[in-house]
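Asker: Here you go, sequence then predicted model.
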Amino acid sequence: MARTNIAVDEETADLLADEATKENKSLYALTNEALTAVLRVCKYGGSPKEVYASWRWSRILKDTDAIPLPGDLMEKMMKKTFQTDKEWLLKSWFDEGKRVGSYLHMYADDFQQLISRVDELHGFLPVKRVEFERKEEEERASVVVRVIGAGFSVESTSCTEQFLLGILSAYPYKITNTRVSEGMIEVRAEEEKRPGR
């Protein structure tokens, strides 16, 4: 098999060398393994940018014991349960969001970090698009989170809203307002003052 020299920037070369040492592999073996994996993703229509995000998503699913379900099935289950026990359903979604929020807090210590990593989480959230707007106002930050495509009914959108509120509860923000309409959520929150600030 012919060998080819591939140029990479210095930081990438250092990371590859460190990882090869850590895994007790040659630099050649690790580089070949990594490139083969990325090229397999590309062969089936993916892109190199999707590799990390997909790995992060699958790790979150595994770590939180979550399983992906078809959206239509989830929609039916939420509508049915909403009719029979709305309070329990919404609390369950909030509690699950809170659990996931605690998990995410380990990887994104403050809300700004979470915002910067939203692309990594996109596949985990049952939504089409998430937008964040952060403002610094008089020594206190405020955020607006807009979610588009959060379900096909008011019932499922309400569940997603509770999930989102549960995630936000892991960070020092006080919810000041939420608006829900079919498929859309807007949450406004203010950063709570921390002691010594």
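Answerer: Yep, that arrived.
Asker: Mind jotting down where the helices sit in the protein?
Answerer: Taking DSSP state H as the test, the helices found in the chain are 10-22, 27-43, 48-63, 71-107, 111-116, 118-121, 154-168.
Asker: for the fourth one, the distance to its chain's centre please.
Answerer: Looking back up the chat, that one is helix 71-107. Taking C-alpha atoms, centre = their mean, to the nearest Å, one finds helix 71-107 lying 16 Å from the centre of the chain it belongs to.
Asker: for the last one, same thing?
Answerer: Taking C-alpha atoms, centre = their mean, one finds helix 154-168 lying 14 Å from the centre of the chain it belongs to.
Asker: and that helix, what other elements does it pack with?
Answerer: In terms of contacts (3 or more C-beta pairs under 8 Å, 6 or more residues apart in numbering; DSSP states H and E), helix 154-168 is packed against helix 71-107, strand 140-148, strand 173-181, strand 184-191. All C-beta spots, glycine's among them, are computed from the backbone N, C-alpha and C.
Asker: that older thread, most tightly surrounded among the helices of the chain?
Answerer: By mean neighbour count, with neighbours taken as mean count of other C-beta atoms under 10 Å, helix 154-168 ranks first of the helices of the chain at a mean of 23.
Asker: domain parsing for this structure?
Answerer: 10-61, 69-191 (automatic domain parsing).
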